[in-house]
Each structure stands twice: as structure tokens, then as C-alpha cells.
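Asks: sequence and predicted structure, then a few things I'm wondering about:
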Amino acid sequence: MAGIDHLSIAVPEAKLEEEVKFLEAALAPLCVKELFRPVPLVAGLGDSMQNMFLWVSALDSERQPIADGDSTSGPLTNPPADDETDFQLRTDISILGLYGALSTLNWKPRWCRWDPGSPPKFSIWLNLLFAFAGAFTVANLYYNHPILNILAESFDVPYLTVSRVPTLMQGGYATGLLFICPLADLFPRRPYTLVLVLFTATMWIGLCVTNNFNVFLILSYLTAMTTVTPQIMLPLVAELAPPEKRAFSLSIVVSGNLLGIVLARILSGVVTNYTYWRNIYWIALGLNYGIWLMLWLFMPDYPSANPNGLNYISMLWSILVMCKRHPVLVYAGIVSYCNSAAFMSYWTTLTFLLAGSPYHYNSVYIGLFALIGIAAMLLGPVYAKYLIQPFQPWLAVVIGETISLAAVALGTYIGSYTVAGPIIEAFGLDAGFQITQVANRAAIHNVEPQGRNRVNTAYMLFTFLGQLTGTSAGNKLYERG
């Protein structure tokens, strides 16, 4: 780096103050508190860089201030030594990269900018975008399920050890529900969602390339922890959709989330059956970055629900307070717990039923049963229009649970004699599950207008515990006959 002259950049004072305020605001959530000032730019980076701003910490006492009136040209009063120059250049470029990344995330297309006088309208296209993003974000949790045996061979670990992958991903998802989702009540939803999706996609690169199983486990946990953006979108949809279309709009996103679970299993099984297993992870990587790009281009900016800020610990504590304050939230949570347990119990034990007597189906036929679930999920908006919107939420819940109960009873009674039993049970359980979930969300969406994400966290914790119970209890009960 010897012999490189230094060239100062002219920085308009008004622009400087504006950029400093932006950067301080962007770094405030990270508790970073530093002052910034312009510094010379190394000649040779190109004349095209003349209009850029470089920032370094004013706490660095070794740097010499630029004399007033001499900010456009000339060398430093005391040019640093070669090592200092090299370190300075790396620091400047790193901070430029941070500044550029923050600016990119903060920039919004004209059609996405918030205007209090004319806020962005919630359209069917935005509804479908949230459903698509939710489907292939939730799918991140389930790509590994059909290929655990192949992962065990690839990493040379026992089956019992490789089973930690889905366990850790579920644990990471639960962590994200509890500690990350509530922050959507504090931060503006657009930049917060973009940061989570970008972090997930970037960490996913490690899953595509690592040959170390422990690293694979750690990255699985981290990516699952930030795979909670669908749970940020659902409260947002409930907030934005017109009251007369709220159930219909929610059903589209809920259908997308459930569809992601099924599609992940099908895609992973098919791709891995005909190609190398890492290819499904590369496909998922492309989908994650594609989701980020579409949200960056089309997700409108919405202000924070709590612009004056909240204490994070108090915010977490308020989740319990909400459960005490709003009985409807507890009722909806208990219903979702039971409904989710029945749903997961069936899909967990279905493989054992179809692989055994009297069916003896192979894995291909068993996998095709997922198509029944897809058919039921795609009908979600129809359920919303005719079975949820015309009635009070509690009546829609009763309708959904009645359908689920009838499907389970019929499937249990005839499932050992004819394949019609499992088919009817699969379709009925999926339909009842969707109706109940959408009706529950319609019932709880407005209990805390400024805390919808915390309400959703409480509700999803009940749901998640129900899924864990159904998975565990279903296997044990099936084993006992």
C-alpha cells in the first residue's frame, strides 16, 4: 500500500447530518453508539467513488481531523504509515459495505413507501405474495424429513444422531416464535422481515456446502430460528385486510403455510431420489433469496405498532399478561393445541399404517397421500368464504372440529379394512384443521391492536406444543395398537 496518495471527499454538511442520523437509527437496536465523520478516500479507487461517503469512528484518536475549509483536496496532515494505511483502508471499505447494506435494506420502491394520507392498499396480489413467501419459508423446516437416512450416510453418523436435525430445527423455530416474533411489535415490519429472510438465506449457504455434521446442526438451528417470517405476516394480514374479507385473506396465507409443509416433503423426496441430496438445499437457497427479492420489491412499508418503543423484557412478560387479560386467547390456544395434536398424530403414524397389513404400500404410494392434503389445503379460501365468514368465529370452530372428529372416527373404524378410511381421514382432518385455525385467528386478531405479534406468539406456542404432543403420543399409541 506504500506510495498511495490520499484524496479527501467533499461532504455537504446537510447531507452529512442526514446520513449520520440514518446510521445511528439503523444501529440503535444493536446498542451501538458511535459518532461518525467523513475521512479521506484513497486515490486509485476510481473517480466514480467521488460521490460516496466513507465513515469511521470518531473515537479513533489516531486519525487526524480534516482542517476546516480543506475538505475537497490535498493529503492528510500526517499521512499514516503503510500498516496503518492498510488497516485504515480495510476499515473504511468494511464500514462502506455496512452503510451500503443498511441503505439497500432501508431503500423502498416508490410504490412501497408509507404515506399516511394514502396508505398502501392490501390487494389480492400482496395476499398471494405473503402466501408464497410463507409456503417456501416454512418449507425450510421440512426438507430434511424424507432424507434423514441419506443425511446419515453422507455425514457418516447413526440414524439416532441424524434425528437431531429435525429436532433442533423445531427447537430453533420455537425459539424464534418466543424471542424473535414479538419484536415485530417494536420494529417496522418491512425492514425487520427483510433482515430475517436475508439472514436465513445467507446462513443456508452453509447448509449447502458444509461437510461437518456439527456445523450442519448449528446452522439448522440458526436458520430455523429466523424462519418465523410467516408468523409475522399473518398478524399483518389480519391487520390490513378489510373486515369483510379478513377470514378469506387469512385462509390464503394459512393455506400457503400448510402447503409449504407438504411441498417440502414431496420436492425433497423427488429431487433426492434422482439427484444428489444437496441439490434440494441449493434449490431452497434460490427460493429464499427469491423471496427476499420479491419482498424487497413489493412489500409495502408499514410503521411500527409501537413507535415510542417498548422494553424487550416487559414485552415478553406481556405475553403472559395477555393470556390472563383475554380469555378468548386462552380458549383459542387450547382448541389449537388439541386440533394440532390430532393433526400431527395422524400424519406421523400414517406411514406405519400404509406400510403394514393389509396395504403393504411402498414409499412412493405413501408419499402420494400428501396430494390429498394439498387438495384440502387449496380449498382453504372456499372454507373461509362459506364456512367461516358467514358465522361467528366460535361457530366456525365448532364446524371445523365436527368435521375433524367425524373424519377421525370414520378413519379409525374402517381404516384397517379399506384405503377409503385413511383417504377420508386425511381430507377431513386437513379441512377441519384449516377451518379451525382461520376461525381462531379471526377471533383473536383484535384483542391487542398494538400487540398482534405477541398475541400470535402466545397462540402459536399452544399450537407448537400440540404438534409436539401429537407426534410423541401418536407414535406411542400406535405402537400399543
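Replies: Perfect, thanks for sending it. From a predicted model like this one, the values you see are computed outputs, not experimental measurements.

Asks: and Ile291, how far is that from Val328?
Replies: 33 Å (Cβ to Cβ, to the nearest Å). (Each C-beta comes from the backbone N, C-alpha and C, glycine too.)

Asks: compare these two and say which is more crowded by neighbours.
Replies: A count of neighbours by other Cβ atoms under 10 Å puts Ile291 above the other of Ile291 and Val328, at 23 against 13.

Asks: pull the number of nearby residues for Gly256.
Replies: Applying other Cβ under 10 Å, I find that Gly256 has 26 neighbouring residues.

Asks: mind starting the numbering at 45 from now?
Replies: Yes, from this point I'll number from 45; that puts the last item at Gly300.

Asks: hmm, it is touching Leu173, no?
Replies: No. Shown here, Gly300 and Leu173 do not form a contact pair, counting by Cβ atoms under 8 Å, at 9.8 Å.

Asks: what residues are up against Cys225?
Replies: By Cβ atoms under 8 Å, 6 or more residues apart in numbering, the residues touching Cys225 are Val272, Gln275, Ile276, Asn497, Arg498, Asn500, Thr501, Met504.

Asks: could those residues go into a markdown table alongside secondary structure, neighbour count and pLDDT?
Replies: Shown next, in a markdown table, are these (DSSP: H, G, I helix; E, B strand; the rest coil; neighbours: other Cβ atoms under 10 Å; pLDDT from 0 to 100):
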| residue | secondary structure | neighbour count | pLDDT |
| --- | --- | --- | --- |
| Val272 | coil | 29 | 95 |
| Gln275 | helix | 23 | 93 |
| Ile276 | helix | 23 | 94 |
| Asn497 | helix | 27 | 91 |
| Arg498 | helix | 25 | 92 |
| Asn500 | helix | 28 | 93 |
| Thr501 | helix | 26 | 93 |
| Met504 | helix | 22 | 93 |
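
Asks: what two of these are the furthest from one another?
Replies: Using Cβ to Cβ, the pair of the contacts of Cys225 lying farthest apart is Val272 and Arg498, separated by 13.1 Å.

Asks: what about stretch 480-500, how long is it end to end?
Replies: 15 Å (Cα to Cα, to the nearest Å).

Asks: low-confidence ranges in the stretch 245-394 of the chain?
Replies: Low-confidence segments of the stretch 245-394 of the chain (pLDDT under 70): 351-353.

Asks: strands along that one, start to end?
Replies: For the stretch 245-394 of the chain, applying DSSP state E, counting those that start in this stretch gives no strands.

Asks: and the nearest residue to Pro202 once chain neighbours are set aside, what does it touch?
Replies: Leaving aside its chain neighbours, Pro202 sits nearest to Ala196 (6.7 Å; criterion: Cβ to Cβ, 6 or more residues apart in numbering). Taking Cβ under 8 Å, 6+ apart, we find Ala196 in contact with Pro202, Tyr203, Thr205, Val206.

Asks: ok, those residues vs Phe342, which is closest?
Replies: Once Cβ to Cβ is applied, the member of those that ends up nearest Phe342 is Val206, at 38.2 Å.

Asks: show me the contacts for the closest one.
Replies: Contacts of Val206 by Cβ under 8 Å, 6+ apart are Leu192, Asn193, Leu195, Ala196, Phe199.

Asks: could you check the pLDDT of Ala475?
Replies: Ala475 is assigned a predicted lDDT (pLDDT) of 92.

Asks: OK, contacts around it?
Replies: By Cβ under 8 Å, 6+ apart, the neighbours of Ala475 are Ala420, Leu423, Tyr427, Gly444, Ile447, Ser448, Ala451.

Asks: among the residues you listed, which lie within helices?
Replies: Taking DSSP state H as the definition of helices, the contacts of Ala475 contribute Ala420, Tyr427, Gly444, Ile447, Ser448, Ala451.

Asks: quick check: the farthest pair among those residues?
Replies: Tyr427 and Ala451 (14.0 Å).

Asks: domain parsing of the chain, as residue ranges.
Replies: 50-151, 167-350, 355-525 (automatic domain parsing).

Asks: tell me the secondary structure for the closest residue to Tyr461 other than its chain neighbours?
Replies: Once flanking residues are discounted, Tyr461 sits nearest to Pro402: 7.5 Å by Cβ to Cβ, 6+ apart. Using DSSP: H, G, I helix; E, B strand; the rest coil, the structure places Pro402 in coil.

Asks: next, count neighbours for Pro402.
Replies: 8.

Asks: hmm, back to that, for Arg157, find the nearest of the domains of the chain.
Replies: Of all those, domain 167-350 comes closest under Cβ to Cβ, at 5.9 Å.

Asks: and the closest one, how far apart are its ends?
Replies: End-to-end distance (Cα to Cα), domain 167-350: 25 Å.

Asks: isn't Ala451 up against Phe471?
Replies: Yes. Judged on Cβ under 8 Å, Ala451 makes contact with Phe471 at a distance of 7.2 Å.

Asks: who's more crowded, these two?
Replies: Ala451 (23 against 18).

Asks: excluding sequence neighbours, find me the nearest residue to the more buried one.
Replies: Nearest to Ala451 is Gly472, by Cβ to Cβ, 6+ apart, at 2.4 Å.
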